[in-house]
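J.: Whatever this is, show me its structure:
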Amino acid sequence: MSKIIEIENLCKTFGAGDDQVAALQNVNLSVEKGEIFGIIGLSGAGKSTLVRCINLLERPDSGKVLFHGRDLMALTPRQLRKERRIISMIFQSFNLLEQRTALENICFPMELAGVPKKQAEKRAEELLKEVGLPDKRDFYPVQLSGGQKQRIAIARALASDPEVLLCDEATSALDPKTTRDTLRLLQDINTRLGITVIIITHDMKVIEEICGRVAILNHGKVAECGAVEDIFSNPQTSAGRRLVYPDGMPYEQLPTGRVVRVAFNGGTVYQPLIATLAIDCGVKVNILAADTRNIDGKVFGTMILGLPEDEKEAAKAMNYIQSQKYVTVEEVSDYHA
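T.: Now for the predicted structure:
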């Protein structure tokens, strides 16, 4: 795979003097062509600023935004408008024009690009079918549900035949079922059309649903970046742990005995470690805390286990756990999140 977007040392501040806020601080990351890439962080982490800097709706103070190796910061306004047509964007609030029908909303970016009306309407009708709403052609936004509005917004974003689709909290205003349906649509668009999708969200469930890689933002900086399964199974930073374990892992409440942290890195869900440990070795351990997820039939996440006080029994348990595939183990009795 080749890099379609590269962000180098990106900085953006708002305000001045004592009121100055550093929204982005030396952000570096790259997105591969054809992937679904997630950017996640808590409120105020800089997510929306970053996504708006990718297509220069917000102009960074310094750094580079490369699209196919070409620095967008160096383009003339006319050249930038041309590039923006193939870096489309959808928003949390849909941003549909209330006085236009669904068809007319989808036609709008084609009108701006000078596409003849009949040609634009034909393409808009194709896109209505693409998003599963061919019967909503003449409906106004007020007549549509939230999920339908977002599908029209996605169709409008596709009208310019983009290479990249930026989704800024695109599912935040939707209920869980509509969110899943919207994510499946984005996944289908990515698979069938080969469009690179960048998801901006505060919700790890969205990331785990469709993203292959994820970058975690914290106070305007990239805290960590990698494959979703790696981040889920073994977050390396406190920012990562806060997102993966939003309710917190109660390390401070752990007993002072021997305690281990077991990370599950993609083994099958049909191999229960604790049960097989008891059956194969006759060793019983205490599950002190756990946060695991089933992703495509594979388990990711962590468990905190209290080992037997008997050193031989504890060693037997450690040896058994270490022998398992897709599992790593470390002592955490002195560890604090």
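J.: so where do the strands sit in the stretch 151-300 of the chain?
T.: 164-168, 196-201, 213-218, 221-227, 259-268, 286-295, 298-306 (DSSP state E, counting those that start in this stretch).
J.: The ones you listed: lowest mean pLDDT?
T.: With a mean of 73, strand 286-295 has the lowest mean pLDDT of those.
J.: strands paired with that strand, and their directions?
T.: As defined by DSSP bridges, the strand partners of strand 286-295 come to strand 298-306 (antiparallel).
J.: After the strand it pairs with, which helix or strand is next?
T.: Next along the chain after strand 298-306, taking DSSP states H and E as the criterion, comes helix 311-322.
J.: could you give the angle of that following helix to strand 259-268?
T.: 30 degrees (axes from the mean of the first three to the mean of the last three CA atoms, to 10 degrees).
J.: so can I have TSV of the strands of the stretch 151-300 of the chain showing mean neighbour count?
T.: Every C-beta, even on glycine, is put in place using the N, C-alpha and C of the backbone. Converted to TSV, the strands of the stretch 151-300 of the chain look like this (neighbours: other CB atoms under 10 Å):
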stretch	mean neighbour count
strand 164-168	23
strand 196-201	24
strand 213-218	24
strand 221-227	18
strand 259-268	19
strand 286-295	15
strand 298-306	21
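J.: Make CSV out of these and add distance to residue 23.
T.: Output for these, formatted as CSV (distance: least, CB to CB, whole Å):
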stretch, distance to residue 23
strand 164-168, 14
strand 196-201, 14
strand 213-218, 10
strand 221-227, 11
strand 259-268, 33
strand 286-295, 30
strand 298-306, 31
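J.: Quick check: which of the ones you listed is nearest to residue 88?
T.: strand 164-168 (5.4 Å; CB to CB).
J.: In the stretch 51-200 of the chain, mark out all the helices, start to finish.
T.: Along the stretch 51-200 of the chain, counting by DSSP state H, counting those that start in this stretch, helices occupy 77-84, 102-112, 117-130, 146-158, 176-193.
J.: Buried residues in the fourth one, which are they?
T.: It stands for helix 146-158. Buried residues in helix 146-158, counting neighbours by 16 or more other CB atoms under 10 Å, are found at 147-158.
J.: Thanks a lot, catch you later.
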